[in-house]
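Colleague: Fold the following, please.
(one chain, ligands or ions: 2)
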Amino acid sequence: SIPAAVTSGLAAAARFGALIKGGAALEQLQQVKHLAFDKTGTLTEGKPEVTVVQPVNGNEHNTLRLAAAVEQGSSHPLATAIINRAKQLDIKISEATDVVVIAGSGVKGVVDGQAVQVTSPKALPDSLQQVDLSKRINALESQGNTVVVVQADQQVQGLIAMADTLRSDALEAVQQLKAMGISSTMLTGDNRRAAAAIAAKLGIDYRAELMPEDKVSAIRELQASGKGAVAMVGDGINDAPALKSAELGIAMGRGSDVALETADAALTHERLPELAGMIWLSQRTAMIVR
Ligand code: ADP
Ligand code: MG
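Modeller: Ligands and ions are numbered 1, 2, ... in the order given. As a prediction, this is how the structure comes out:
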């Protein structure tokens with residue numbers, strides 16, 4: 001039977017917005033020595049906004065119009081940013097067909113008979129990698145932007161740069177964890193220049209340009225360091241494999257259903273400092289049980 005202290009520990013956690021799915025998860029929490037954080041939607045607000053639209057072979061209007069059409073098939077925060085900007089500019093968004101979402105890389109579909117792709121620069125085929133294009137992309141990324149490339153019929157139409165803000169309580173959260181002897185690493189699918197800018201603000205390690213399966217390898221490496229259990233915090237479909245492979249998966253409360261179902265715990269109010277609270281509570285519960 002479940003000790004009363006465990007039941008009351010779970011209830012206390014729920015009161016401050018930490019949902020812990022049972023006694024086994026509470027026990028794993030006590031052992032956590034390392035936190036791995038997803039970036040977009042976890043350490044950041046996850047509400048990026050378009051900062052620059054740079055035409056390459058197309059024009060600004062058409063770049064946004066084609067991108068917004070295929071992004072209607074995606075629920076990614078970048079998709080929302082692109083659609084919102086198109087609407088702000090009163091651009092008429094066409095219907096896209098045959099839309100396919102490629103987790104960790106982008107989305108593609110057919111718009112007005114053209115094969116349109118909106119992807120991360122690293123997903124560009126070699127035939128489209130050009131020096132002047134990568135210079136432009138690097139410059140935008142160095143300013144902290146996430147850049148996506150819009151292609152139509154294998155020709156680059158333009159670049160869309162977006163930026164997101166750090167959650168106001170992210171620094172407090174990593175500092176509290178550090179004070180408890182728990183280190184933090186950011187794992188992101190985003191580019192290394194934007195990732196470095198965010199990690200520097202938090203004073204934590206980071207790994208960038210990761211595909212969903214690379215996040216799993218990064219978790220395994222942290223586990224292999226032998227310091228203790230690893231908890232992963234994330235919000236997206238792309239985080240689900242990593243949430244599963246960590247000793248403890250923690251989902252953000254407004255995250256995707258897949259993340260919430262896979263996780264062992266959730267931050268229902270999305271307040272990151274509650275991570276330290278959860279761990280503290282698990283340690284206190286363990287003392288009472290013993
Ligand atoms: P994170 O780990 O920061 O949450 P993701 O793994 O979700 O990031 O995405 C990684 C990268 O893949 C993004 O930075 C972007 O370049 C690209 N990407 C993902 N989804 C989309 C989309 N719907 N439209 C355009 N690009 C996308
Ligand atoms: Mg995310």
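
Colleague: S105: how many residues sit nearby?
Modeller: The tally of other residues near S105 (other C-beta atoms under 10 Å) stands at 17. (C-beta placed from N, C-alpha, C; glycine too.)

Colleague: no no, E261
Modeller: 10.

Colleague: What strand or helix carries it?
Modeller: helix 257-262 (DSSP states H and E).

Colleague: from the chain's centre, how far out does that helix sit?
Modeller: 14 Å (C-alpha atoms, centre = their mean, to the nearest Å).

Colleague: Find me whatever residue is spatially closest to the residue in the stretch 101-250 of the chain that ligand 1 sits nearest to, sequence neighbours aside.
Modeller: Residue nearest to ligand 1 within the stretch 101-250 of the chain (C-beta to the nearest ligand atom): G189, separated by 2.4 Å. Spatially, and ignoring its direct neighbours in sequence, G189 is nearest to G104 (4.6 Å; C-beta to C-beta, 6 or more residues apart in numbering).

Colleague: Quick check, L159 in contact with V150.
Modeller: Yes - in terms of C-beta atoms under 8 Å, L159 counts as a neighbour of V150; the distance is 7.3 Å.

Colleague: which residues touch P125?
Modeller: Q154 (C-beta atoms under 8 Å, 6 or more residues apart in numbering).

Colleague: Kindly report the same for T188.
Modeller: With contact taken as C-beta under 8 Å, 6+ apart, T188 is in contact with D38, K39, T40, A195, Y206, R207, A208, E209, L210.

Colleague: which residue packs closest to it, ignoring adjacent ones?
Modeller: Counting by C-beta to C-beta, 6+ apart, the residue nearest T188 is K39, at 3.8 Å.

Colleague: Number of residues surrounding that neighbour?
Modeller: 25.

Colleague: Quick one: mean pLDDT for the top helix by length along the chain?
Modeller: In the chain, taking DSSP state H as the definition, the longest helix is helix 274-289. Averaged across helix 274-289, the pLDDT comes to 88.

Colleague: Then stretch 15-34?
Modeller: 92.

Colleague: Stretch 209-229 now?
Modeller: Mean predicted confidence for stretch 209-229 is 93.

Colleague: Return the set of buried residues in that stretch.
Modeller: For stretch 209-229, burial by neighbour count (16 or more other C-beta atoms under 10 Å) applies to L210, M211, P212, D214, K215, V216, A218, I219, L222, Q223, G228, A229.

Colleague: Next, give me the two most distant ones among the residues you listed.
Modeller: By the measure C-beta to C-beta, M211 and G228 form the most distant pair in those, at 26.3 Å.

Colleague: about what we covered before: give me the local confidence score for the residue of the stretch 101-250 of the chain closest to ligand 1.
Modeller: 90.

Colleague: give me the element it is part of.
Modeller: Using DSSP H and E, G189 falls within no helix or strand.

Colleague: Spit out the contact partners of it.
Modeller: Contacts of G189 (C-beta under 8 Å, 6+ apart): T40, G104, S105, S120, A208, E209, L210, M211, P212, K215, N238.

Colleague: what sits in contact with each of L159 and V150?
Modeller: Both L159 and V150 are contacted by T63, under the criterion C-beta under 8 Å, 6+ apart.

Colleague: any chance of the buried residues of stretch 209-229 in JSON lines, plus distance to A259 and secondary structure?
Modeller: JSON lines is the format used below for the buried residues of stretch 209-229 (distance: C-beta to C-beta, whole Å; DSSP: H, G, I helix; E, B strand; the rest coil):
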{"residue": "L210", "distance to A259": "16", "secondary structure": "coil"}
{"residue": "M211", "distance to A259": "16", "secondary structure": "coil"}
{"residue": "P212", "distance to A259": "11", "secondary structure": "helix"}
{"residue": "D214", "distance to A259": "17", "secondary structure": "helix"}
{"residue": "K215", "distance to A259": "12", "secondary structure": "helix"}
{"residue": "V216", "distance to A259": "14", "secondary structure": "helix"}
{"residue": "A218", "distance to A259": "17", "secondary structure": "helix"}
{"residue": "I219", "distance to A259": "15", "secondary structure": "helix"}
{"residue": "L222", "distance to A259": "19", "secondary structure": "helix"}
{"residue": "Q223", "distance to A259": "20", "secondary structure": "helix"}
{"residue": "G228", "distance to A259": "23", "secondary structure": "coil"}
{"residue": "A229", "distance to A259": "19", "secondary structure": "strand"}
